[in-house]
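Visitor: 3D model of this:
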Amino acid sequence: MWMILMGIAMVTSCNNQSLSDKTRSNVSENRIFQKTDGSISLKIDKADCYHDVVNPSSNTAEWNIVVSRSGRYDVWLSSATTDTTNLRFDDSVLLSIRDSRLEAMPAVNRVVHNSTVVSSPYYQADSFMGSLYIQDTGLYNVQVISDKILPDDFRSPGSAENDMTKIVSVSLTPVKH
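Guide: Numbers count the residues shown, from 1 in each chain. Sure, this is the predicted structure:
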């Protein structure tokens, strides 16, 4: 009788272990890891997003990132746009990582020609948001709030189908000393 109970306990604990491994695997799949050059690339299509069509100023994208090197980072916002002279952001973009916050109204700082990130008729426009200091290594939650975090199938009311701007990614690049 004891042998049967021990056998059941062993099978149950092994199943729990494999379930735990699966859970750990899923958690690590949802994390963005820092690249060897120190940069962190956050793509909107890989984020957990919240979209509010009525009040798009509260649209949110979130990522879990693993920072392996602390330091100062420049933050760049990449947008897909048809007009590189006016990105048409209604509100400033807010980025928060723990207690650090950056808020900026995106302007075109550089246009990426022949971008592999966006396709015609769009252009990739990069906007510098500022820099922030990440003091510790470890797991961080990054949140970006903007009216230009839009669902893939979104069409702006009253405008041409391709006449819009939307955020495609956020990049953190280490500042070289």
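Visitor: Next, the contact list for the residue nearest the centre of the chain, please.
Guide: The residue lying closest to the centre of the chain (Cα atoms, centre = their mean) is residue 42, at 3.7 Å. Shown in contact with residue 42 (Cβ atoms under 8 Å, 6 or more residues apart in numbering): 32, 61, 63, 65, 142, 144, 169-172. The way it works is simple: take the backbone N, C-alpha and C, and place the C-beta from them, glycine included.
Visitor: try it again with 6 Å
Guide: 63, 170 (Cβ atoms under 6 Å, 6 or more residues apart in numbering).
Visitor: so it bridges to which residues?
Guide: Residue 42 has the following beta-bridge partners by DSSP bridges: residue 170.
Visitor: what's the nearest residue to residue 112 if we skip its chain neighbours?
Guide: residue 124 (4.0 Å; Cβ to Cβ, 6 or more residues apart in numbering).
Visitor: for residue 48, that is, sorry about that
Guide: residue 62 is the one closest to residue 48 (Cβ to Cβ, 6+ apart), at 4.8 Å.
Visitor: Could you do residue 81 as well?
Guide: Residue 81 sits nearest to residue 165 (Cβ to Cβ, 6+ apart), 4.1 Å away.
Visitor: from what I can see that neighbour touches residue 85, true?
Guide: No: using Cβ atoms under 6 Å as the test, residue 165 is too far from residue 85 to be in contact (11.4 Å).
Visitor: Thought residue 143 was touching the residue nearest to residue 48, still the case?
Guide: Yes: if you go by Cβ under 6 Å, residue 62 and residue 143 touch, sitting 5.0 Å apart.
Visitor: And the strands in this structure?
Guide: 31-33, 40-43, 48-50, 60-67, 71-81, 93-97, 100-104, 110-112, 123-134, 138-145, 165-174 (DSSP state E).
Visitor: strands paired with the third one, and their directions?
Guide: What it means is strand 48-50. Counting by DSSP bridges, strand 48-50 is paired with strand 60-67 (antiparallel).
Visitor: So which bits of stretch 106-124 are buried?
Guide: Within stretch 106-124, the residues scored as buried using 16 or more other Cβ atoms under 10 Å are 106, 108, 115, 118, 122-124.
Visitor: could you dump it to PDB, C-alpha only?
Guide: Output in PDB follows, covering the C-alpha atoms of stretch 106-124 (Å, rounded to 0.1, in the frame of the first residue of the first chain):
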ATOM      1  CA  PRO A 106       7.600  63.200 -31.000                       C
ATOM      2  CA  ALA A 107       9.300  65.100 -33.700                       C
ATOM      3  CA  VAL A 108      11.100  63.700 -36.700                       C
ATOM      4  CA  ASN A 109      14.800  63.500 -35.800                       C
ATOM      5  CA  ARG A 110      15.800  61.100 -38.600                       C
ATOM      6  CA  VAL A 111      14.100  59.400 -41.500                       C
ATOM      7  CA  VAL A 112      15.200  55.800 -42.200                       C
ATOM      8  CA  HIS A 113      15.400  55.200 -45.900                       C
ATOM      9  CA  ASN A 114      14.900  51.700 -47.200                       C
ATOM     10  CA  SER A 115      13.600  50.600 -43.800                       C
ATOM     11  CA  THR A 116      12.800  46.900 -43.400                       C
ATOM     12  CA  VAL A 117      10.500  47.800 -40.500                       C
ATOM     13  CA  VAL A 118       7.800  49.500 -42.600                       C
ATOM     14  CA  SER A 119       6.500  49.000 -46.100                       C
ATOM     15  CA  SER A 120       5.300  51.400 -48.800                       C
ATOM     16  CA  PRO A 121       3.600  53.900 -48.600                       C
ATOM     17  CA  TYR A 122       5.000  54.400 -45.100                       C
ATOM     18  CA  TYR A 123       8.300  55.800 -44.000                       C
ATOM     19  CA  GLN A 124      10.100  55.100 -40.800                       C
END
